[in-house]
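A.B. asks: structure for the following, please:
(2 chains)
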Amino acid sequence: MNTKQLKDLLPDNNNYIELKVQNNKSQSMAYLNGSLVHNDASSSSGLMARSFRNGMWGVASSPTVNKEKMKQVIKKATANTDYLVTKMDKGNVTLPSNPAQGDYCFSSDKPKLSTKAKADFIQEIDNYIIKKYSDLDSRYVSFTNLEMEKSLVTNDGAEFNTVLPRSVLVVMMTTVHNNEPIQNMEIFGGLGQFEEVFSDPKDYFNDIDKVYGRLMEKKKAVFAKAGTFDCVLGPKLAGILAHEAIGHTTEADIVLNGSIAIDYLGKQVASPLINLLDAAHHYQDKLCPIPIFIDDEGTKAEDCLIIEKGILKNFMTSKETAHKLGKKLTGNGRSYAFSDEPIVRMRNTMIVPGNDKLQDMISSIENGYYLIEHGNGQADYTSEFMFGVTFGYEIKNGKIADPLKETTISGVAFELLKTVSKVSDDLVWISAGMCGKKQPIPVGMGGPAIKCKVNIGGK
Amino acid sequence: MNYQNILKDTMQSLLDKGADKVSIDLNVTTKEEFNVVFKELNLLRSLESQSLSIMVLKENKQATTNLNQLDRKSIETAMEQLMSSVETANEDPAFDISPFHEPFIVEKGPQKIDSDGICNRLNRLTERMKDKYPTVHYDAIMSYINEKFIYMNSNQTIFEETKGYYEFMLMFSAKDGNKMSSLNYTGFSLADIDKDLLDINFTEQLVKQITEQIVTKPIPDSFIGDIVLLPYITGELLVSFINSHLGNAGILFKSSRFPDHLGKKIFDEKLTVHTRPLDPELSSASLVTPDGFLAENATIIDKGVLKHYLISLYAAKKTGMKRTVGPCNSLVIEPGINQIDDIIKNVKKGVLCARLSYGNPNANGDISGVLKNSYYIEDGKIKYPISETMMSGNIVDMFNNIEAVSKEYVNIGDMKIPFMQIKDVFISKK
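C.D. replies: Residues are numbered from 1 along each chain as shown, chains lettered A, B, ... in the order given. The predicted structure follows:
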C-alpha cells in the first residue's frame, strides 16, 4: 500500500489519526572460527492505525496488509480510544501540528549483490584473520543489515515514504592468557545497504590489525585505580555520554516523568565549551548516520540544540509531550516495528567539536586515563550514568602508558560536563547504536574527545 | 487458519526442493496492552503478530529465515531465497535438528482477556499511588498476552503450546521540589489478576523506598563488606553468568571460565539452581527449547556443583559435549532458610542493593557497577539511602562467597529468585 491508498482510507471523524505501513527487512551472517553459524534473511511487515481523542490514544496493528484489514485496524484503534474515554474523560485536547511531506529513500543504486558475494566478502576477512593471527583461540566475523521501509499519512496533512538501511560488520577476537579469556571487538559500517557501505574486504585489514593489536595489549593490561581522575574521554565515550546521560534526561516524556532536566532549563549545566545537539539529518552539510527528515508522527524533523555554550536550552518532543510542556515540535517521535506507536527518541546525538588537539589534551594530564572504547551504558533521570570501558590507557606525565583492564566509569553527567576543560576538533560517529526504551531503535551518537574529571570504578 | 497445515505444507515443499532436513516454528500472538502514562490511563494497543521461522539443512549446510506473512506467495518467496542461501553456506556436520518425539499439545493459563479487570487493577494502582505516594512519578503497562507456538521438524516431531498470561511493568522515580531519586523499575508475569499489583513481589516496598531515596548521601568510606542483593539483581547476574559461561556463547567462543567442569564444584554450596519449565506457578515459562526439544525439569547447579551445561544440539555436536537440558530458561534459585530481615541483622557493614547499573562482566567475570536505589547497612541496621557508590568484584568469586540465601523469593513468571547475601565485595565511594 502506498501513501495515496492510505490517504483514501483516512476516516472522516473527529479523532486525530495516523496510518502506517511498514516492512523491516534484515539479513545477517556470522562466521565463528570459519564456520557459518548464522545465515538468516528475515522480514516483518504490517500496518498500524493510531487514534487520539480527549487525551486518550488507541492503537491497533496487524501483519496482514490489505485495504480491508486496514479498515478493521482503523476501526479497532478508534474503538480502543473510545473504550479508554469511557474509563476517564480528560476533556478536549488539540495536539500541535507541523506536518511534512516527502520521500526519503537511502537504497543503493548499485547492482544488488548475491548472498554468496556477501558471504565471500566476510570469508575473505575471516581468512585474513586466521592466516595472519593463527594464535587466536576464537574469532567471530558477522554482517547485519537492517532496512526499515515505511509509508505514513496523518489526517493533519503529513505524508511520507522512507527507506532507512544500515549495514554493520562486527569483528571479535578471543585469546586465553593465564587461563583467563580476553576479548576485543570492533564494529564497522553505517547508513546504507551492503553494496553502498562495503566494497573491498582489504579496506578493513588495517582496522583488523588494530583489533588484534589491542587484544595483545590487553594481555598486559593493568587495573585502573578507583577514584576521580583527569581523563580524556575518546569520541565514542563522549558520544554515548551525550546520548545516555544527557539525551535521555532531555527527552520530553522523561522530562514529564520527573527528569532533573526540567529544573535546569535555561541554567548553566556544563562548561561553556559544551554544545550538545540532536541532529535531525545533517551536521555541517554531511548526512548523519540516521537521517530523519520527517518523524513517525508526520512532523518535520528539525535539529534540537539541547545545550548551547553550557546552558540547557531545549527538549526533544513528540506531539503529546510538546502539548503538555508547551514546547515546540522537534520531530523526535519514532517507532521501530510496524506495530509500535511513536515515542520520543533521539536521532543523532552529539557533542559539537571544539578547537583542541587530542595529543595536546593527553599531554596536559600528569596522572589520569585516556578512555577509548565503551561497553554497555545506562543512565538515570538524574543524569547519573555508568558506562563500561572496554579499552583505554593510563596517562603518566602527559604520555600514554599501560593499557587498562576493562572497567566502568560513573558520575552525574551534568556535573561531569561542568569539568570539561578541552574539546577536540574532530568528530567521530558511532553508526551502529541501538537504543532501548520500550522499543529498540537505531540511533547515531557522536562526539569529539573531551578532557574532564571522571570517577573510575577500578581497584 | 489451520497453522499446522501451513507448517506441514511448507516443510514438504522444502524437502521437495532438495532440503535434507527442515525445522519450522510459528508463533502467533495477540496482545492487549494498557498503558498508564504520566500517572494516568493513556493508551490501549491491540496487537496481532505472527512469526514463521524456518531452518533448512542441505549437505550439512544451514540457512534460516524468519517472516511474518503466511500467504502462499510470501512463503514461496522465502523458501526460494532460503534454498539459494543454503547453497552459499559452508558444511558443518554439527548442524542438525532434534530427533523424533511423540506429538505434544498443551494449553495453559487464561485463554480470554479480562479488559475491565485490567482497568480496575490499573485504577486501583493509580488510586493507591495518589493516596500514599504522591511524590512518585511513574509509567505502568499491563498486558494480556495469548501466544500459540508450534514447532515441527522433518523427523516428524510436532509440539504445540498455547499460553495466556498477564504481564505488568512499572517504572518509577520520586521528586520533591528540586530533589529527586534515581529511577527504579519492576515487572512480572501472572496467570491471574486477583491481587493488587502493589502487593505482589515486594512492589510496594520498592515504591516506598523510592520516596526515601529523594535524599541520599555517600557511604562514610570505601570498604570490603557484604552486599545484600534484591532478587531481581541476583537473577540478572545469574542469567548473565549462565549465558556467558555455561551456555552456547561461552562454550563455542571458548570464553567460558568453566569449559570442562561437569560434576565439579564451581560455586558456594548454598547455591542450587533448577530449571523448572513444568512448574505451574511459572506463568510465562516455555515448554519447548529453542533447539526443538521438550523442556524438562532439572537441577543445573546442585549445592555449587555443576550438573548441566545449557548448550544447544549444535553446540553439543560441535564440541563433542553431551546435550542434556539444552538452552533452557525458567530458572528457580533454591530459597534458603533465613528471613531477609534476619539476613540484614547479620550484616556488620555492607549495602542493600535494589538495583545495579553495571557494565557487562568481561570474559573473566570481572564486574563493577553503580549501586542504585541502595542503602548503607551498619551493625545489622539499614542506615540511609546512598549515592555515588560503586561495587567491584568478580561474578565467579561473588557466587563463591554466598553468606545467606533468603526464604522469601519473587516469582516473575519465568523465574523464582530469592534475596542473596554475598560477602567480601569492594564497595567504594567517589
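
A.B. asks: OK, contacts around the residue of chain A found nearest chain B?
C.D. replies: Scanning chain A for proximity to chain B using Cβ to the nearest Cβ identifies A:Gly388 as nearest, at 2.5 Å. Yep, even glycine has a C-beta here, placed from its N, CA and C like the rest. Listed by Cβ atoms under 8 Å, 6 or more residues apart in numbering or on different chains, the contact set of A:Gly388 reads A:374-377, A:406-408, B:358-360.

A.B. asks: farthest from the middle of chain A: give me that residue.
C.D. replies: Distance from the C-alpha centroid of chain A, by Cα atoms, centre = their mean, peaks at A:Thr86 (38.3 Å).

A.B. asks: surely that residue forms part of a helix?
C.D. replies: Yes. Per DSSP: H, G, I helix; E, B strand; the rest coil, A:Thr86 lies within a helix segment.

A.B. asks: list the contacts for it?
C.D. replies: When contacts are counted by Cβ under 8 Å, 6+ apart, A:Thr86 touches no other residue.

A.B. asks: for the one residue in the stretch 201-350 of chain B that gets nearest to chain A, helix, strand, or coil?
C.D. replies: Going by Cβ to the nearest Cβ, chain A is nearest to B:Ser255 of the stretch 201-350 of chain B, at 4.1 Å. Local secondary structure at B:Ser255 is given as coil here, using three-state DSSP.

A.B. asks: what helix or strand does the residue of chain A closest to chain B sit in?
C.D. replies: Counting by DSSP states H and E, the element that carries A:Gly388 is strand A:384-396.

A.B. asks: and that strand, how far out from the chain middle?
C.D. replies: Once both centres are worked out by Cα atoms, centre = their mean, to the nearest Å, strand A:384-396 turns out to sit 20 Å from its chain's centre.

A.B. asks: near chain B, which residues of the stretch 51-200 of chain A show up?
C.D. replies: A:55-64, A:76-77, A:80-81, A:83-84, A:87-88, A:90, A:114-116, A:119, A:137-138, A:140, A:174, A:176, A:180-183 (Cβ under 8 Å from any Cβ of the partner chain).

A.B. asks: show me these that map onto helices.
C.D. replies: In helices, defined here by DSSP state H, the members of these are A:76-77, A:80-81, A:83-84, A:87, A:115-116, A:119.

A.B. asks: for these, work out which two are farthest apart.
C.D. replies: Using Cβ to Cβ, the pair of those lying farthest apart is A:Lys87 and A:Lys116, separated by 56.1 Å.

A.B. asks: so which of these two has more stuff around it?
C.D. replies: A:Lys87 (16 against 13; other Cβ atoms under 10 Å in any protein chain shown).

A.B. asks: so who does that one touch?
C.D. replies: Under the criterion of Cβ under 8 Å, 6+ apart, the neighbours of A:Lys87 are B:41, B:119, B:123.

A.B. asks: go on, A:Ser142?
C.D. replies: Contacts of A:Ser142 (Cβ under 8 Å, 6+ apart): A:28-31, A:38, A:122, A:169-170.

A.B. asks: and if we set it to 7 Å?
C.D. replies: The neighbours of A:Ser142, taking Cβ atoms under 7 Å, 6 or more residues apart in numbering or on different chains as the test, are A:28-30, A:170.

A.B. asks: over to B:Val410?
C.D. replies: B:201-202, B:231, B:417.

A.B. asks: if you rank the residues you listed by neighbours, which is first?
C.D. replies: For the contacts of B:Val410, neighbours were counted by other Cβ under 10 Å; the highest total belongs to B:Ile417, with 27 neighbours.

A.B. asks: please name the strands paired to whichever strand or helix holds that residue in the sheet, noting orientation.
C.D. replies: Under the assignment given by DSSP H and E, the secondary-structure element containing B:Ile417 is strand B:415-429. The strands beside strand B:415-429 in its sheet (DSSP bridges) come out as strand B:223-229 (antiparallel), strand B:331-333 (parallel), strand B:389-394 (antiparallel), strand B:402-411 (antiparallel).

A.B. asks: run the chain-centre distance for the last one.
C.D. replies: What that stands for is strand B:402-411. Between the centre of strand B:402-411 and the centre of its chain there are 18 Å (Cα atoms, centre = their mean).

A.B. asks: return that strand as CSV; C-alpha atoms alone will do.
C.D. replies: Once non-C-alpha atoms are left out, strand B:402-411 reads as follows in CSV (Å, rounded to 0.1, in the frame of the first residue of the first chain):
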residue,chain,number,x,y,z
ILE,B,402,27.4,-16.5,49.4
GLU,B,403,26.7,-15.9,53.1
ALA,B,404,23.0,-16.5,53.0
VAL,B,405,20.0,-17.0,50.7
SER,B,406,16.6,-15.8,51.9
LYS,B,407,13.5,-17.8,52.5
GLU,B,408,11.4,-15.2,50.6
TYR,B,409,11.5,-15.1,46.9
VAL,B,410,9.9,-13.3,43.9
ASN,B,411,8.1,-15.1,41.1
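
A.B. asks: now do the buried residues in it.
C.D. replies: By 16 or more other Cβ atoms under 10 Å in any protein chain shown, the buried positions in strand B:402-411 come out as B:402-406, B:409-411.

A.B. asks: A:Pro282: how many residues sit nearby?
C.D. replies: Rather than Pro, residue A:282 is His. Counted with other Cβ under 10 Å, A:His282 comes out at 13.

A.B. asks: per-residue pLDDT, the nearest residue to it once chain neighbours are set aside?
C.D. replies: The shortest distance from A:His282 to any residue other than its chain neighbours is 6.3 Å, reached at A:Cys288 (Cβ to Cβ, 6 or more residues apart in numbering or on different chains). In the prediction, the pLDDT value recorded for A:Cys288 is 97.

A.B. asks: if residue 299 is in a bridge, with which residues?
C.D. replies: You didn't say which chain, so I picked chain A. Applying DSSP bridges to A:Thr299 yields these beta-bridge partners: A:Pro99.

A.B. asks: oops, chain B please
C.D. replies: Beta-bridge pairing of B:Thr299, defined through DSSP bridges, involves B:His274.

A.B. asks: so it touches B:Lys307, yeah?
C.D. replies: Yes. Counting by Cβ atoms under 7 Å, B:Thr299 does reach B:Lys307; the two are 5.6 Å apart.

A.B. asks: the nearest residue in space to A:Asn367 that is not next to it in sequence: neighbouring residues, count only.
C.D. replies: Nearest residue to A:Asn367 in three dimensions, chain neighbours excluded: A:Lys396, at 6.5 Å (Cβ to Cβ, 6+ apart). Number of residues near A:Lys396 (other Cβ under 10 Å) recorded here: 13.

A.B. asks: likewise for B:Ser13?
C.D. replies: Using other Cβ under 10 Å as the criterion, the residues surrounding B:Ser13 number 15.

A.B. asks: please apply the same query to B:Lys349.
C.D. replies: Using other Cβ under 10 Å as the criterion, B:Lys349 is surrounded by 17 other residues.

A.B. asks: what's the neighbour count on the residue nearest to it when sequence neighbours are not counted?
C.D. replies: If you skip the residues right next to it in sequence, B:Lys349 has B:Gly225 as its closest partner in space, 4.2 Å away by Cβ to Cβ, 6+ apart. Applying the criterion other Cβ under 10 Å, we find 21 residues in the vicinity of B:Gly225.

A.B. asks: mind listing what the nearest residue to B:Ala363 once chain neighbours are set aside touches?
C.D. replies: Residue nearest to B:Ala363 in three dimensions, not counting chain neighbours: A:Pro181, with 3.8 Å by Cβ to Cβ, 6+ apart. With contacts defined as Cβ under 7 Å, 6+ apart, the neighbours of A:Pro181 are A:174, B:254-255, B:363-364.
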